[in-house]
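Engineer: give me a 3D structure for the following:
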Amino acid sequence: MPVINRMAELHDEITAWRREIHANPELMYDVEQTAASVAEKLKAFGCDEVVEGIGRTGVVGIIRGKAGSDHAIGLRADMDALPIEEESGKPWTSKNPGKMHACGHDGHTAMLLGAARYLAETRNFSGKVAVIFQPAEEGGAGGKAMVDDGMMNRFGIEEVYGMHNVPGLPVGHFAIRPGPIMASTDEFFVTVRGKGTHAAMPNLGIDVITIAAEIIGALQKIVSREVDPVDSLVVSVTQVKAGFAHNVLPDTALFSGTVRCLSAEVRDMAERRIEEIARGIAGAYGATIEYEYERSYPITVNHEDQTIKAIDAARAVAGDNGIITDIPPVLGGEDFSYMLLERPGAFIFVGNGDSAGLHNSKYDFNDEAIPHGASYWVQLVERQLPAA
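Structural biologist: Down below sits the predicted model:
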């Protein structure tokens, strides 16, 4: 079964919603305009309950189907944008300087709104559906905030599902895998303390810049020599700060970066080994370090049974040739992981076609993907919660 006819009929209207959201991007938890528009639409669709302010600015709509089941599932979309100056050149380009929907959350929100409208119109399912619109996915852990607000228990959500677009995957195609599908996202901070001196007399000091450089190079050996080659780990130093004049060796040097991996054991090892290597090298040269390691988003792990259900729904829309069931994991992070720690569920990718990459100033969500993503949501509900 291809795209649902009603989703095709609503395509232009959903596209207009998407472009309006795109033109008015908001960051992190400050998504008041977007959230208000989402809540207004859910009420107009006839949702049985619309609750705002979950996880600060999140919105949950409840749609009840026909009698026959008490089962409840959650469908999640994210609403926030990124602090990027848009260069897409589209007529619906961002009106807010320094902010843009560079990750397609506008499309995610629009597709789930389209599905919510259809489900509220037809009620061709039993049980209950919670449509979840989340703030602050881009670094603010809005998924965790909604969970911490008691969302799962409050609305009786038993399973939860998420979706994200992927540039390069053809429109109308889906991709998923059971188990880890996206990485944990951690940060580390190292301050090297030595002894500053005149740059012409390095023997009188302890040169923190050369020490930091040696540590940074040595950290890459964690990946190449301490991790099983079949496991995944990224240790990237992304910021280095030291010095203030061309003829002065400073007292301190600071560097920081990110760690991405797909297993708890590798995550623990990386946290420990970064500190051990930094302290060992610094100590060999008479310097000291200060070390901080901050754990952010957990590993996004798809549950096996729910992945099978997601594959079944995607196959109903895209056919056998339109679903990849063993896509390699992605080392980007996703705070839907917090919801998957609370309830079984699955996270799926939907094709965005030949577009600019995510987090790119020229990116734009492909509106041709809308009926496919919205139809997936509907298929997921009607297949899991068949009407009696």
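
Engineer: please state the offset of the helix or strand Thr185 falls within from the chain centre?
Structural biologist: In this assignment (DSSP states H and E), Thr185 forms part of strand 184-193. The chain centre lies 21 Å from the centre of strand 184-193; the measure is CA atoms, centre = their mean, to the nearest Å.

Engineer: extract the CA atoms of it and return them as PDB.
Structural biologist: In PDB, the C-alpha atoms belonging to strand 184-193 read as follows (Å, rounded to 0.1, in the frame of the first residue of the first chain):
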ATOM      1  CA  SER A 184      26.000   8.900  22.800                       C
ATOM      2  CA  THR A 185      27.200  12.500  22.800                       C
ATOM      3  CA  ASP A 186      29.700  13.500  25.500                       C
ATOM      4  CA  GLU A 187      32.100  16.400  26.000                       C
ATOM      5  CA  PHE A 188      35.500  16.600  27.700                       C
ATOM      6  CA  PHE A 189      37.500  19.600  28.900                       C
ATOM      7  CA  VAL A 190      41.200  19.600  29.700                       C
ATOM      8  CA  THR A 191      43.200  22.500  31.200                       C
ATOM      9  CA  VAL A 192      47.000  22.100  31.100                       C
ATOM     10  CA  ARG A 193      48.800  24.100  33.800                       C
END
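
Engineer: I'd like the next helix or strand past that strand.
Structural biologist: Beyond strand 184-193 toward the C-terminal end (DSSP H and E), the next one is strand 197-198.

Engineer: any idea of the mean pLDDT in that following strand?
Structural biologist: Strand 197-198 shows a mean pLDDT of 96.

Engineer: could you look up the SS state of Arg56?
Structural biologist: Under DSSP: H, G, I helix; E, B strand; the rest coil, Arg56 falls in the coil class.

Engineer: quick one, what contacts it?
Structural biologist: By CB atoms under 8 Å, 6 or more residues apart in numbering, the contact set of Arg56 is Tyr29, Pro135, Ala136, Gly142, Ala145. C-beta here means a position set from N, CA and C on the backbone, and glycine is covered the same way.

Engineer: adding neighbour count, pLDDT and distance to Glu87, write those residues out as TSV.
Structural biologist: Supplementary listing: the contacts of Arg56 in TSV, determined by neighbours: other CB atoms under 10 Å; pLDDT from 0 to 100; distance: CB to CB, whole Å:
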residue	neighbour count	pLDDT	distance to Glu87
Tyr29	18	98	26
Pro135	30	98	25
Ala136	25	97	24
Gly142	27	97	26
Ala145	21	98	31
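
Engineer: of those, closest to Pro83?
Structural biologist: Ala136 (12.7 Å; CB to CB).

Engineer: what's the spacing between the nearest residue to that closest one once chain neighbours are set aside and Phe133?
Structural biologist: The shortest distance from Ala136 to any non-neighbouring residue, by CB to CB, 6 or more residues apart in numbering, is to Gly142 (3.2 Å). Distance, Gly142 to Phe133, using CB to CB, to the nearest Å: 10 Å.

Engineer: now swap in Gly104 and tell me
Structural biologist: 14 Å.

Engineer: if you count what's nearby, which of these two comes out ahead?
Structural biologist: Taking other CB atoms under 10 Å, Gly104 and Phe133 do not tie; Phe133 has more neighbours (31 against 27).

Engineer: identify the bridge partners of the more buried one.
Structural biologist: Beta-bridge pairing for Phe133 (DSSP bridges): Val59, Ala77.

Engineer: which residues sit in contact with it?
Structural biologist: Counted by CB under 8 Å, 6+ apart, Phe133 has contacts Ala35, Val38, Gly58, Val59, Val60, Gly61, Arg76, Ala77, Asp78, Met79, Thr109, Leu112.

Engineer: any idea how far it lies from Met146?
Structural biologist: 9 Å.

Engineer: what do the two both touch?
Structural biologist: Shared contacts of Phe133 and Met146 (CB under 8 Å, 6+ apart): Gly58.
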